[in-house]
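Engineer: this one's sequence-less:
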């Protein structure tokens, strides 16, 4: 869900309100959970999360192109995974 967030968010916002299906409502809930997590991150964590999940950079590429250390890369990835799972009540 995190990796497809930008596209799913765009699709959900362009869907007509009168044609909302159960699936669209569930996608909306997942997107809202991800939004809340992203809003809770500080600027550096948010930048790293966007590089990890939306640009889909590997750890090596993130470090080479953006100077994101291995420690920060995995810290942010794990933090976002945990917070999203918690928001979605999976844990």
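Structural biologist: It's in. Since the structure is predicted, the reported quantities are computational estimates derived from the model, not experimental observations. Numbers count the residues shown, from 1 in each chain.

Engineer: who touches the residue nearest to residue 69 when sequence neighbours are not counted in this structure?
Structural biologist: Closest residue to residue 69 in three dimensions, ignoring its sequence neighbours and counting by Cβ to Cβ, 6 or more residues apart in numbering: residue 63, at 6.3 Å. (Each C-beta comes from the backbone N, C-alpha and C, glycine too.) Neighbouring residues of residue 63 by Cβ atoms under 8 Å, 6 or more residues apart in numbering: 69, 70, 73.

Engineer: out of the residues you listed, which end up buried?
Structural biologist: When neighbours are counted using 16 or more other Cβ atoms under 10 Å, the contacts of residue 63 contain these buried positions: residue 73.

Engineer: which ones among the contacts of residue 63 lie within helices?
Structural biologist: Assigned to helices by DSSP state H, the following of those qualify: 70, 73.

Engineer: which residue ranges of this structure form helices?
Structural biologist: With DSSP H, the ranges of helices along the chain come out as 5-14, 22-40, 43-49, 59-66, 70-87.

Engineer: let's have these in a markdown table, adding mean pLDDT.
Structural biologist: Listed next are those as a markdown table, based on pLDDT from 0 to 100:
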| stretch | mean pLDDT |
| --- | --- |
| helix 5-14 | 79 |
| helix 22-40 | 87 |
| helix 43-49 | 97 |
| helix 59-66 | 97 |
| helix 70-87 | 97 |
